[in-house]
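Below are the sequence and a predicted model; questions follow.
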Amino acid sequence: MKRELVAIVGPTGSGKSGLALQLASRLDGEIVGCDALQVYRGLDVGTAKPTVTERRRIPHHLIDFVSPREEFSAADYISHAVPAIRNIAAAGRLPLVVGGTGLYLRALRRGLFEGPGRSPEIRELLARIGDRKGSGYLHRMLRRVDRRSAERVHPNDRIRLVRTLEVFIQSRRPMSSLMAARRSPLPEFHVILIGLAPSRDVLRARIEARVARMFDQGLVDEVKKLKNDYGEDVPAFKAIGYRETLRYLSGELDEERARQLIALASIQYAKRQMTWFRREENIEWFDGYGEDPSVVEAVATYLRPQQELETLHAETAS
């Protein structure tokens, strides 16, 4: 019987961390972050990072351990997350993978895509073809060599069209076949996927409240310190919340406009996250936000049979 791993997904502001803390307390779990920005030290307010008190109460992994100067990739995430998950399970506790970076979760479930790297020359050539003949023409090119990928890529999605064609040109193999050859780095785990889906109105209100809370809790001072310590050329300043606050500090925006832009960008990002996660298989969706007691109880009830199976398996094995 495979070991159990619970992954909690959903859009920004849906209460994933709140739900994870509740479940970790109930189910003797530890939390493994799945967030591309919470890995960075010093990015606390703008990433809604779990507080020090919360991290003392429930052990957290892959949070607050990378210098803001460093690039951090999906491969880096896998290299840290896999041993953390295995160590948690080996100690008899439940790993809870929590966050909104869908690429990281997909890499945990299915493995990394090991295709050829980027080729500026091929990209430039394909870009010229696209500019001259349109994205529809690139899509028809892709359909001739990789029908399965063409069915998944929208004819107007120039970035993905170029990348998929680039892979075929370099490898002479369809990206779909390369993707199918991926292997999960955690084959010994059964992944249970929990998704949070609050209504749009509730999510919008929660995001707007979060933005106000970030400014009240010192987002501006946080960005000032990061800028003074590391300069402006760090990955964090490309992220929602940080890039707008930088523009506020430079005088390009007033505070109210910066808040509005952060909220708007966050809402748009939440929509993209939901589009991504809706494409993932086997997610059990729960309407509502993670701190709602009824949602916590519903998720705990959903997980209980699997927990009982784990206990029975451990007892019979001993």
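Now that the structure is in, tell me what you want to look at.

going forward, measure contacts and count neighbours with C-alpha atoms only.
Fine.

which helices and strands does the strand or helix carrying Thr245 pack with?
Applying DSSP states H and E as the criterion places Thr245 in helix 242-249. The contact analysis (3 or more Cα pairs under 8 Å, 6 or more residues apart in numbering; DSSP states H and E) places helix 242-249 against helix 219-230, helix 255-278.

Now with 7 Å, please.
helix 255-278 (3 or more Cα pairs under 7 Å, 6 or more residues apart in numbering; DSSP states H and E).

mind checking how far the helix it packs on is from the chain centre?
Taking Cα atoms, centre = their mean, to the nearest Å, the mean C-alpha location of helix 255-278 is offset from the chain mean by 14 Å.

repeat for stretch 13-31
Distance of stretch 13-31 from the chain centroid (Cα atoms, centre = their mean) equals 16 Å.

when you give positions from now on, start the count at 620
Yes, from this point I'll number from 620; that puts the last item at stretch 632-650.

Just the mean pLDDT for it, thanks.
Mean per-residue pLDDT for stretch 632-650: 97.

what do you get for stretch 713-731?
Mean predicted lDDT for stretch 713-731 stands at 93.

And stretch 849-857, end to end?
Stretch 849-857 has its terminal residues 14 Å apart, counting by Cα to Cα, to the nearest Å.

in stretch 827-836, what's buried?
Residues Glu827, Arg829, Val830, Ala831, Met833, Phe834 are the ones in stretch 827-836 that count as buried (16 or more other Cα atoms under 10 Å).

quick one: the helix holding Thr864 to helix 838-849, angle?
90 degrees (axes from the mean of the first three to the mean of the last three Cα atoms, to 10 degrees).

which residues sit against helix 861-868?
Identification of contacts with helix 861-868 by Cα atoms under 7 Å, 6 or more residues apart in numbering yields Gly665, Val839, Val842, Ala855, Phe856, Leu872, Asp873, Glu874, Ala877, Ile881.

repeat for stretch 911-929
Leu638, Phe905, Gly907, Gly909.

who wins for neighbours among those residues?
Gly909 (27 neighbours; other Cα atoms under 10 Å).

mind listing what it touches?
Counting by Cα under 7 Å, 6+ apart, Gly909 makes contact with Ser633, Gly634, Lys635, Gly637, Leu638, Leu815, Val915.
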